[in-house]
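Trainee: Okay, predicted coordinates and the sequence, questions at the end:
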Amino acid sequence: MTTVLDRPAPVAPRPARDRRRWGWALGAVALVGWALVDSGLLSGAVVNPGGAAQLGRFASAALRPELAPEFLAVVAQSTLVTVAYAVLGAGLAVLLGALGAVAVARTAWGRRRAGWLVARGLLALPRGLHEAVWGLLLLNVLGLDPWVGVLAIAIPYGAVTATVFAGILDEVPRGGHDALLAAGAGRVTAVLYGLLPLASGGLLSYAFYRLECAVRSAVVLGLVGAGGLGFQLSLSFTSLRWEQVWTTVYALAALCLAADLAGRAVRRRVADPRPRTRRDPLLTGAVLAVVALTAWAAWFLALSPAALVSSRAREQLAYVLSAAWPPATGGAFLADVLGAAVDTLLMSVLAVAFATAGAVALAGLAARPRSASLPRRAAGALVRTALLLLRAVPPPVWALVLLFVLLPGVLPGALALGVYTLGVLGRLVGEAVEEADRRPREALRAAGASPVGAWLYGTVPGLAGPVLALAFYRWEVAIRDTVLVGLLGAGGIGVLLSAATSSFDWPAVTTVLAATVVLSLCVDLAGERARAALR
């Protein structure tokens, strides 16, 4: 007897979805064009010829870093401070995220959508401000206390982690959760015992990713006075000691590489689909190592909980809160904030456009090939090392370097963010190439196509969606980083924030921070809608 299998019906075209995609594409092109015009690159003078000699000295010092034992000891001590901030900040962020995830998960609220929206809205403020901004605010309350670096990482990262953890909890099977509810358990209990065990792999993987990010954030906080490698980098840069700058940069790169390799090993082990009959020694060792590092970091930084509730901290917090309200609402100042917000938006758009173009151009080399010739492997290793250096150096340092040869404004800030984002996006796009389906490319090669042709027609079309989705995600991150480069005078809303905090104009600080949060929320919403249109 012959069995006839029904063929799946052809998928009907979706003109509405195609129109949305074209709409987003045209909107992105228009924004990039506007950003190019606003930057002055196409019409105005943007180059500062006088800084070319200083830039040359900076670049040449890369080949002769400072290796004096006294300075290397300083760098080693600064590295320990950075690691301590990163471990404690990430650990506290994961703890806050785990607690917050239960409060903001859709599953925990059931049909009470209003409560879920309020809970999610409460995360907007801590998530919308860059950790460097939190560092500046906490410095005014706690002074030069190690809690500044820890909390500046933990507060925004905790809000982000809560959102991601809640998404992971909402996506796991709900059979056990529903059974516990039917048996009379509370919603929180059902989430803890019905969803958490199933989501543990994804939660662990993301927790280690946050630890990687915390290393870079700890460096950034050093630039605003929290200590560590960032602080040493700032001192060397201010005194024009380029050899010391490069020694610190290489230490940063080594630290970031160690964090990347450790995090990747953990995430790959978590993602391994093979069933485990016993406890994984690598994952167990990683968790125990982080616990030990957390205890060491608390001892090394000499953290004292009493510092958070001291009379000075309470008085300073009360003063800042009373002085910051009501916010500044003068017409001229609001016009300045609006103009700076537009510059910030255009700066982020230009940065992501530059980084996306560079990441696509380098994607083939950034990916680790399964089998390739020795020259190809050497070129790939060189590209990955360069990308590591790009993302190891914080955006403010790139902004300071570019301000040697570019006049202050949108362009140096955009390029500084673009260079840093290229380092991050280049790695992500390279990993997307590694995971892409190789069969179309191999078929074209077997048919006689050249390597370049097989890459362009066999691999690139399948990467368009993931690459654009990654670009929109990095745009959401870049809009917060623009505030950071603006603090150093590279343009955007960070310039206003720097002026307001320097003059202790707290009403103006409140207005600028509110504008920053609103701008971040708008970009987050736009990025989410754009990624949904690309699916």
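Mentor: Received it, and whenever you're ready, just let me know what you need.
Trainee: Residue 91 contacts residue 295, correct?
Mentor: No. The criterion here is Cβ atoms under 8 Å, and residue 91 misses it with residue 295 at 10.1 Å. The way it works is simple: take the backbone N, C-alpha and C, and place the C-beta from them, glycine included.
Trainee: Out of those two, name the residue with the larger neighbour count.
Mentor: residue 91 (23 against 12; other Cβ atoms under 10 Å).
Trainee: The nearest residue to the more buried one once chain neighbours are set aside and residue 95, how far apart?
Mentor: Sequence neighbours aside, residue 294 is the residue nearest to residue 91 in space, at 4.9 Å (criterion: Cβ to Cβ, 6 or more residues apart in numbering). To residue 95, residue 294 is 10 Å away according to Cβ to Cβ, to the nearest Å.
Trainee: Surely the residue nearest to residue 91 is in contact with residue 92?
Mentor: No. Counting by Cβ under 8 Å, residue 294 does not reach residue 92; the two are 9.1 Å apart.
Trainee: joint contacts of those two?
Mentor: Common contacts of residue 294 and residue 92 (Cβ atoms under 8 Å, 6 or more residues apart in numbering): none found.
Trainee: Those two: which is more packed in?
Mentor: Legend: neighbour count by other Cβ under 10 Å for residue 294 and residue 92, higher for residue 92 (19 against 16).
Trainee: which residue sits closest to the more buried one, ignoring its sequence neighbours?
Mentor: residue 154 (3.8 Å).
Trainee: low-confidence ranges in the stretch 151-300 of the chain?
Mentor: Within the stretch 151-300 of the chain, the segments meeting pLDDT under 70 span 172, 177, 187-188, 191-192, 196-202, 225, 270-278.
Trainee: mind running it again at 90?
Mentor: 151-242, 244-246, 248-291, 293-294, 297-298 (pLDDT under 90).
Trainee: any idea how far the spatially closest residue to residue 38 that is not a sequence neighbour lies from residue 443?
Mentor: Ranked by Cβ to Cβ, 6+ apart and with sequence neighbours excluded, the top spatial neighbour of residue 38 is residue 346, at 5.0 Å. Separation of residue 346 from residue 443 (Cβ to Cβ): 42 Å.
Trainee: and if you look at residue 79?
Mentor: 49 Å.
Trainee: The residue nearest to residue 92: neighbouring residues, count only.
Mentor: 27.
Trainee: domains of this structure?
Mentor: Domain assignment for the chain, taken from automatic domain parsing, gives 74-270+281-320, 340-534.
Trainee: My guess is residue 220 contacts residue 396. True?
Mentor: Yes. Residue 220 is in contact with residue 396 according to Cβ under 8 Å; the separation is 7.3 Å.
Trainee: Overlap in contacts, those two.
Mentor: With Cβ under 8 Å, 6+ apart, residue 220 and residue 396 have common neighbours residue 484.
Trainee: Of these two, which one has the most company?
Mentor: residue 396 (29 against 23).
Trainee: Name the SS class of the more buried one, please.
Mentor: At residue 396 the chain is in helix, as set by DSSP: H, G, I helix; E, B strand; the rest coil.
Trainee: and it, how far is that from residue 487?
Mentor: 7 Å.
Trainee: Kindly report the same for residue 100.
Mentor: 28 Å.
Trainee: before we move on, what about residue 235?
Mentor: Residue 235 is 17 Å from residue 487, by Cβ to Cβ.
Trainee: neighbour-wise, which of the two wins?
Mentor: For residue 235 versus residue 487, neighbours defined as other Cβ under 10 Å are more numerous around residue 487 (25 against 16).
Trainee: which SSE is the residue lying closest to residue 391 once chain neighbours are set aside in?
Mentor: For residue 391, ignoring the flanking residues on the chain, the nearest one in space by Cβ to Cβ, 6+ apart is residue 423 at 2.9 Å. Per DSSP states H and E, residue 423 falls inside helix 410-435.
Trainee: burial of residue 238, as a residue count?
Mentor: 9.
Trainee: ditto for residue 175
Mentor: Residue 175 has 10 nearby residues by other Cβ under 10 Å.
Trainee: residues contacting it?
Mentor: Contact partners of residue 175, counting by Cβ under 8 Å, 6+ apart, are residue 194.
Trainee: Surely residue 259 and residue 212 touch.
Mentor: Yes. Counting by Cβ under 8 Å, residue 212 is a contact partner of residue 259 at 4.5 Å.
Trainee: What's the local residue count around residue 167?
Mentor: With other Cβ under 10 Å as criterion, residue 167 counts 16.
Trainee: just to revisit the earlier point, any idea how far residue 323 is from the residue nearest to residue 391?
Mentor: Distance from residue 423 to residue 323, by Cβ to Cβ: 39 Å.
Trainee: So for the two, which residue has more residues nearby?
Mentor: residue 423 (22 against 13).
Trainee: Could you list which residues are in contact with that one?
Mentor: Counting by Cβ under 8 Å, 6+ apart, residue 423 has contacts 387-392.
Trainee: now do 6 Å
Mentor: 387, 390-391 (Cβ atoms under 6 Å, 6 or more residues apart in numbering).
Trainee: ok, residue 508 touching residue 501?
Mentor: No. With contact defined as Cβ atoms under 6 Å, residue 508 does not count as touching residue 501 (8.9 Å).
Trainee: neighbour-wise, which of the two wins?
Mentor: residue 508 (22 against 19).
Trainee: need the contact list for the more buried one.
Mentor: 328, 500.
Trainee: got a pLDDT number for it?
Mentor: Per-residue pLDDT puts residue 508 at 87.
Trainee: Also residue 329?
Mentor: Looking at residue 329, the pLDDT reads 83.
Trainee: Likewise for residue 88?
Mentor: Residue 88 is given a pLDDT of 90.
Trainee: From what I see, it and residue 297 are in contact.
Mentor: Yes. Judged on Cβ under 6 Å, residue 88 makes contact with residue 297 at a distance of 4.7 Å.
Trainee: Those two: which is more packed in?
Mentor: residue 88 (28 against 22).
Trainee: and whatever helix or strand that one lives in, how far from the chain's centre?
Mentor: Secondary structure from DSSP H and E places residue 88 in helix 69-104. Put simply, helix 69-104 sits 15 Å off its chain's centre (Cα atoms, centre = their mean, to the nearest Å).
Trainee: Does anything pack onto that helix? Which helices or strands?
Mentor: Applying 3 or more Cβ pairs under 6 Å, 6 or more residues apart in numbering; DSSP states H and E, one finds that helix 69-104 contacts helix 113-122, helix 147-171, helix 196-221, helix 229-238, helix 281-301.
Trainee: okay if I get these as a markdown table plus distance to residue 317?
Mentor: Below are the helices and strands packed on helix 69-104 laid out as a markdown table (distance: least, Cβ to Cβ, whole Å):
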| stretch | distance to residue 317 |
| --- | --- |
| helix 113-122 | 19 |
| helix 147-171 | 12 |
| helix 196-221 | 20 |
| helix 229-238 | 24 |
| helix 281-301 | 21 |
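Trainee: Would you mind finding the most buried of the ones you listed?
Mentor: helix 147-171 (a mean of 23; mean count of other Cβ atoms under 10 Å).
Trainee: tilt between the helix or strand following that one and helix 147-171?
Mentor: Per DSSP H and E, the first helix or strand lying C-terminal to helix 147-171 is helix 175-182. Here helix 175-182 points in a direction 90 degrees away from that of helix 147-171 (axes from the mean of the first three to the mean of the last three Cα atoms, to 10 degrees).
Trainee: Taking helix 196-221 as reference, get the angle to helix 175-182.
Mentor: Using the same axes, to 10 degrees: helix 175-182 against helix 196-221 is 110 degrees.
Trainee: Touching, residue 230 and residue 222? I think so.
Mentor: Yes. At 2.2 Å, residue 230 counts as touching residue 222 under the criterion of Cβ under 6 Å.
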